[in-house]
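Peer 1: coords please:
(2 chains)
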Amino acid sequence: MSSTDTERQLNVVGSKRSRLRFTALAFLATFVLIVAVLVAADVAYLVHWKVSPASLYRILMSPEVLYALRLSVITSVITLVLVMVCAVPVGYALSRCRFPGHALVNTVVDVPIVLPPVVIGLSLLAFFGTPVGGWIKIALKSLNVSLISGVGIVMCQFLVSVSYCIRATKASFDSVDRRLEHVALSLGCSPWGAFRRVTLPLARNGLIAGGVMAWARAIGVFGPLMVFVGTGPRVQVMPTNMWLELNVGNIEVALVVALVTMLLAGAALLLVHRLAPGRTWT
Amino acid sequence: MNMLRIENLHVRAGEFTLADISLSVARGEYLVIMGPTGSGKSLLIKSVCGLNEIERGRIFIDGNDVTALEPKFRRIGYLPQNTDLFPHLSVERNITFPLDVAGKSQRQTRAGIGPVVEMLGLSPLLNRSTVHLSGGERQMVALARALTAKPTLLLLDEPVSALDEPTRAETCAILRRVQRQVGIATVHVCHSREEARFVADRIGIMSQGRLVQVAPFDELASSPADPVVTRLLFGGAEALAGQTP
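Peer 2: Down below sits the predicted model:
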């Protein structure tokens, strides 16, 4: 092959590669634009209807919105803690242990991801209608704890979000080379020590990502709450508050709550990037 | 005095079986295990290290039966294939790792790694990240880390296979020099006969999960116990010639 032919082929490959890059970047820009437009539309609506900063502040400081905001943050943070406590060992077991039925268990863990969220609320209702669920309800009642409270909200949030975190932690543990654990064992670590000193720090970014995904899912849970805990004033979190305000035509209140939710999610993402600067975390 | 003694070791890993391995390594001896890919060399090393469950047999290190002991109690320095340094730790923290695990203070760890760092010439690298080290530098750091634990036995699983030719020869020379200097019994797994001949006091030949013969190079060359010995040490033609009736 002559050098001219080779150059021509290289030019063809180069131009194909740049076309690929251009197409991929165009799709990326479109996606970013869609997200930006959606956020801007909320703000534009409020501006169009001349909602002043003073009335925005008044809406935000109203007892209902503040209560929903506080309940959302408290329940989602409790959910996040419970999710991490559960997802780290489960993700580790799925990544590192082989046992009969591993593939089946791996699939079952994903079920809450593919279920419509409202089904989780229905399943919880059904469960607490069974004798076992009834005993748990009686036990909780003896402790003066009702399911129509933060407890019920946390249950819904946990079941909706835990699978996302397990998936992320499993992927994260999968990415840690087992030979590093072997080396740590040979250098004097116990299996726990190797996990704490080597596996956990190396899986850190994936665990953080899993936690953020789970928290974002938890704070946005709506369907299961409607079914399981309802919309009473004591159990109104931000999504239920938004829905109730929309139902009575207070779209500007719903939009303010939506913007607060977006701000919280954005702050969480910034925190993640600050914790793991310049690293991929998915 | 044997630093490592293996008696009738049987290990199963999936479909593969390591069968009836008996072997001893004397104090200060450098033993190389050679064999074709999939012959069970790495499995043998991992089993000695305590990283695999064994079916039967016994392993003695420095006269003590360690068969049922966890890896951390075996006092073994282990370098796995491809030299796995901890990427989240600096070079210094990699080397001090065994002392950190043992709960030594920062002052004690600094003092503890001094002689090893000096012996391997690693002082300029101590504050660097492990990510940008060359292959040879990574090997030296891994060796320093293994030696910091003051092991009684050093297990090297293809320690230079990922290096280029000049670095491989240089690293082998350093391995041999350090081994002599420290006087530590060493088992080194490799594919290359040049590498084996250069570093080994004795060479063990493995094939299909069995230890075929263990002897100094000259004895293996003059009295091979199996055609695979000749094939590994001198290539295919001689091995075939050896098989001819």
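Peer 1: Apart from its chain neighbours, what residue comes closest to the residue nearest in space to the middle of chain B?
Peer 2: Central residue of chain B (Cα atoms, centre = their mean): residue B:156, 2.0 Å from the mean position. Nearest residue to residue B:156, sequence neighbours excluded (Cβ to Cβ, 6 or more residues apart in numbering or on different chains): residue B:188, at 4.4 Å. No exception for glycine: its C-beta is placed from N, CA and C like everyone else's.
Peer 1: secondary structure class for the residue nearest to the centre of chain B?
Peer 2: Following DSSP: H, G, I helix; E, B strand; the rest coil, the label given to residue B:156 is strand.
Peer 1: Phi, psi for the closest residue to chain B within the stretch 1-150 of chain A please.
Peer 2: Among all residues of the stretch 1-150 of chain A, residue A:98 sits closest to chain B, at 10.8 Å; criterion: Cβ to the nearest Cβ. Backbone torsions for residue A:98, taken as degrees, to the nearest 10, come to phi -110, psi 130.
Peer 1: pull the longest helix from chain B.
Peer 2: helix B:165-182 (DSSP state H).
Peer 1: picking that back up, with chain A as the reference, measure out to the residue nearest to the centre of chain B.
Peer 2: For residue B:156, the distance to chain A (Cβ to the nearest Cβ, to the nearest Å) stands at 12 Å.
Peer 1: Contact partners for residue A:161?
Peer 2: A:79, A:83, A:213-215, A:217-218, A:221 (Cβ atoms under 8 Å, 6 or more residues apart in numbering or on different chains).
Peer 1: The residue nearest to the centre of chain B pairs with what?
Peer 2: For residue B:156, the residues forming beta bridges with it (DSSP bridges) are residue B:79, residue B:188.
Peer 1: doesn't residue B:185 make contact with it?
Peer 2: No: with contact defined as Cβ atoms under 8 Å, residue B:156 and residue B:185 do not form a contacting pair (11.7 Å).
Peer 1: Can you name the residues of the stretch 101-250 of chain A sitting close to chain B?
Peer 2: The stretch 101-250 of chain A comes close to chain B at residues A:177, A:179-180, A:182-190, A:193, A:197-198, A:201-202, as judged by Cβ under 8 Å from any Cβ of the partner chain.
Peer 1: Assign the closest residue to residue A:256 other than its chain neighbours to helix, strand or coil.
Peer 2: In this structure, residue A:256 finds its nearest non-sequential neighbour in residue A:59, 4.8 Å apart by Cβ to Cβ, 6+ apart. Here residue A:59 is recorded as helix under three-state DSSP.
Peer 1: What number of residues are in the vicinity of the closest residue to residue A:150 other than its chain neighbours?
Peer 2: Spatial nearest neighbour of residue A:150, chain neighbours left out: residue A:75 (5.3 Å); criterion: Cβ to Cβ, 6+ apart. When neighbours are counted by other Cβ atoms under 10 Å in any protein chain shown, residue A:75 registers 26.
Peer 1: what helix or strand does residue A:75 sit in?
Peer 2: For residue A:75, the element it lies in under DSSP states H and E is helix A:63-96.
Peer 1: cool, residue B:59 as well?
Peer 2: Per DSSP H and E, residue B:59 falls inside strand B:56-61.
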